[in-house]
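> Need a 3D model of the sequence below.
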Amino acid sequence: MEETFFASKPAFLLQPTKPISSPNVKFNSSTLSLPSLLPQQQLQQQSSSSSHSFPLDSLLQHLHVSSPVKPYLPSLHVMPSHNQCSLSSHFGKEDSSSITVLGGDDRLLDFLPNNCKFIFNSILECPVSSLQSFLNSVKVELREEVDLISLLKALDFSGNTDKAILMIEWIVLNSDSDKLENQMIELMVKILGRKSQHSVTSTFFDVIHFEDFTMNIQAWTIILHAYSRSGKYDKAITLFDFIKNRGLSPTLVTYNVMLDVYGKKGRSWDKILSLLDEMRISGLEFDEFTCSTVISACGREGLLEEAKSFFLKLKLRGYVPGTVTYNALLQVFGKAGAYNEALSVLKEMEENNCPPDLVTYNELIAAYVRAGFHEEGAALIGTMTDKGILPNAVTYTTVIDALGKAGREEKALSMFAHMKESGCVPNVCTYNSILGMLGKKSRIEEMMGIICDMKSCGCSPNRVTWNTILAMCGNKGMHKYVNRVFHEMKKSGFEPNRDTFNTLISAYGRCGSEIDAGKMHDEMVKAGFSPCITTYNALLNTLARRGDWKAAELLLQGMSDKGFKPNETTYSLMLHCYSKGGNVRGIEKIAKEIYDGHIFPSWMLSRTLILANFKCRSLSGMERAFQEFIKNGYKPDLVLLNSMLSIFSRNMMCKQAHQILRHIRESGLEPDLITYNSLMDMYARTGECWKAQEVFNVLLKDGGKPDLVSYNTVIKGFCRQGLMKEALGTLTEMTQRDIRPCIVTYNTLIAGFSGRGFFHEVDELIDYMFENKCRPNELTYNTVVDGYCKSRRYREALDFVARINERDDSYGDQALQRLASRVRKNMSS
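All right, here's what the predicted structure looks like:
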């Protein structure tokens, strides 16, 4: 009994597969009208040096219109922490007494000396845009007569903090650092800290030397936090050592900041453990921020076991985790796509009467989509809404980003539309995800529409937006566009950060410009940014694209020597590199590490392992990897299932192919063109050409559009069974649908004709190839010669070889000698 391959589809009809006698099969070129070359085919025939072309100018114009004007010292506001416990809240608690709001009572400014009041009133009346010019006009008075500390306090107390910050910038740029008093510096730091001006604060202490000042621990902690938020981790570490050498005792907040510094810096697990020991010795009790920061650091490094061990030890010491700590643990499992572990955390929360919040659901959704369960993750939005927890921009962006990365662009755009209809305002991360998704498909017009939508929502492009456009240009032949976008990015006031350099390294690598990728790495180090795991992965990606696994192994070794622990992306890139280089043993080496439990089998890594085996045509390796993938509870996507179907089809393993088809149906996935083509190929290989034709008919019935591969496969099936009349009929249908035959099409037909002894048709077909600018290759001539020899018509074979140069003067003497030797070898055997 035959299997029904697709739901609601009839079983394929059993047709006779024996060759039907086809008398007078003729190839008639006069009835076969070939379509003109398609644009893609025309491009292929042009010089390979021609570059891609798309309306980059329009896209950049839209970005410039939407981008805000950047100040001299950019203001970076604190974003809400992912674990809900921001350091700013700590600073507020410790320093709340200094926050005063003027309620219209001038007596609060009685401390202001008379010579300051005129300047103060003038500053209040001066627009922000003109303040720097005004301060320059009274530069002498400010430096020699006015009490700057009182003036700053007055601006702060009166609620004019923005002007106070501009005043601070002016003071730093126009004063000698050795003349700035400790009280002045401490006041500046507190004002900047309250307003989360991290970039300004860190730049401030790049200009002046902190060794010259004496401040309390709260002020130093604000500076540490500013360095942390600005990505200047080494400077933060140097300052922390300076603070301790000064004899100051770090507070709980100070230690929490440094835990955050080491967590973001990476490869610092030993340092984090050392800080925790220091905290215990100092008698400091861990709070939610301490615990969540340590667990989040594990998540960044892929240290799942360390995170679980730390969490277990916390509970054994009597610590009762709160929602924030649980959310951090959920984030660790979510990043790895370990949704079963994430569900166990949610269960523990419920058992301990710890109510899940918005972040909990966001992390749970992230765990689902990372494991391939996109529909289930999207369904959680309805679940949380029913429980009275409204999804936010992060919720929707998580699902949209996952759908985009899975190649489900239309579904992602539909979710984006639903997001706006539900009243949830997209943020810059949402827009960046959609731009990245559209950029991969070069859907430039839609990208410009998204940027216009950003503008209408009052959402300005940020550095990540520009990085996304840079990443889009990372394709072969688009080298000049990378340079152009980078120039325009800086022109808009966005100086490159570490992520920008990592994006540039990756983009140049994808363009095939390894030299420029290396230069960007050097420029990154010169700019003061330390390479991180993402940097090494970007360099690995460059090597993986050319399959240089030896160089990749050296880079991986150097990375480990410097204390970096490879993450799932690192191992995935190594698998890509091995598969591109055809190194099956390298793939097997990583597979063994995964199966032995030394490397966590995340969804992404497990998926990559399957695809790497597929590319190397390692059937046993692919089957084992797929079994482990399913055993881990992951949901395969259509790309993965099509790859499995393809390798089973190539090996004529019909039973296994049918199992994959059932999996596609049961997963709720829709078969695509690749699915149909793989099925057709399987039946063509097994001699069931009529079943291949039936699959082809189902494809048409479902509204699909067969491509060149589809027609070549059906033609191959008929030719292998000697059904040349049917093969020619498929060729005619193919040309009527404006699909132009390629060398594979012609070689398949020539093999069919010569195998049946129809050498007159072979000659006509070769002439037709020349007429239509498709030159025969060595395989073409080998096939004809083998056909003659199979029929023991050796003299005619030699005559055919002798006549080749009459119509193909490009065919060299050595190639002709090889063909003649081929005939003589067959004669003697």
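
> and for stretch 801-812, what are the contacting residues?
766-767, 770, 775-776, 781, 785, 816, 819-820, 823 (CB atoms under 8 Å, 6 or more residues apart in numbering). Quick note: C-beta positions are derived from backbone N, CA and C, even for glycine.

> export these to CSV and tack on secondary structure and pLDDT?
CSV is the format used below for those (DSSP: H, G, I helix; E, B strand; the rest coil; pLDDT from 0 to 100):
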residue, secondary structure, pLDDT
Ile766, helix, 90
Asp767, helix, 89
Phe770, helix, 89
Arg775, coil, 90
Pro776, coil, 91
Tyr781, helix, 89
Val785, helix, 88
Leu816, helix, 85
Leu819, helix, 87
Ala820, helix, 87
Val823, helix, 86
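
> From Asp672, how far off is the most centrally placed residue in the chain?
Of all residues in the chain, the one closest to the mean position by CA atoms, centre = their mean is Lys405, 7.1 Å from it. Per CB to CB, to the nearest Å, Lys405 is found 17 Å from Asp672.

> same question, Asp516
36 Å.

> Neighbour count for the two, which is higher?
Between Asp516 and Asp672, Asp516 has the larger neighbour count (other CB atoms under 10 Å), namely 20 against 14.

> What is the subsequent helix or strand relative to the lowest-mean-pLDDT helix or strand in the chain?
Lowest on mean pLDDT, DSSP states H and E among the helices and strands of the chain sits helix 87-94, with a mean of 41. Next in sequence after helix 87-94, counting helices and strands by DSSP states H and E, comes helix 114-125.

> Report the buried residues of that following helix.
Neighbour counts over helix 114-125 (16 or more other CB atoms under 10 Å) mark 116, 119-120, 123 as buried.

> Report the mean confidence score over it.
Regarding helix 114-125, the rounded mean pLDDT is 72.

> Restricting to C-alpha, output it in PDB.
Only the C-alpha atoms of helix 114-125 are listed here, as PDB (Å, rounded to 0.1, in the frame of the first residue of the first chain):
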ATOM      1  CA  ASN A 114      25.500  87.900  44.500                       C
ATOM      2  CA  ASN A 115      28.200  87.800  41.800                       C
ATOM      3  CA  CYS A 116      26.700  84.500  40.600                       C
ATOM      4  CA  LYS A 117      23.100  85.500  40.400                       C
ATOM      5  CA  PHE A 118      23.500  87.600  37.200                       C
ATOM      6  CA  ILE A 119      25.200  84.700  35.500                       C
ATOM      7  CA  PHE A 120      22.700  82.200  36.800                       C
ATOM      8  CA  ASN A 121      19.700  84.300  35.600                       C
ATOM      9  CA  SER A 122      21.400  84.700  32.200                       C
ATOM     10  CA  ILE A 123      21.900  81.000  31.900                       C
ATOM     11  CA  LEU A 124      18.200  80.400  32.700                       C
ATOM     12  CA  GLU A 125      17.200  82.800  30.000                       C
END
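
> packing partners for that helix?
helix 131-137, helix 148-157, helix 161-174 (3 or more CB pairs under 8 Å, 6 or more residues apart in numbering; DSSP states H and E).

> which one is the residue nearest to the centre of the chain nearest to, not counting chain neighbours?
Distance criterion CB to CB, 6 or more residues apart in numbering; nearest residue to Lys405, sequence neighbours excluded, is Met437 at 7.6 Å.

> Please report phi then psi for that neighbour.
Main-chain dihedrals, Met437, degrees, to the nearest 10: phi -60, psi -50.

> Please renumber the chain so that the first residue is 20 from this point on.
Understood, numbering begins at 20; the last thing we discussed is Met456.

> who's in contact with it?
419-420, 423-424, 428, 431.

> Between which two of the residues you listed is the distance greatest?
Pairwise distances across the contacts of Met456 (CB to CB) peak at 11.8 Å, for the pair Asp420 and Glu428.

> okay, these two: which has more neighbours?
Shown here are Asp420 and Glu428; by other CB under 10 Å, Asp420 has more neighbours (20 against 17).

> which non-adjacent residue is nearest that one?
Per CB to CB, 6+ apart, closest to Asp420 is Ser452, 4.2 Å.

> Ala839 too?
Val820 (5.4 Å).

> And that neighbour, how far from Ile666?
38 Å.
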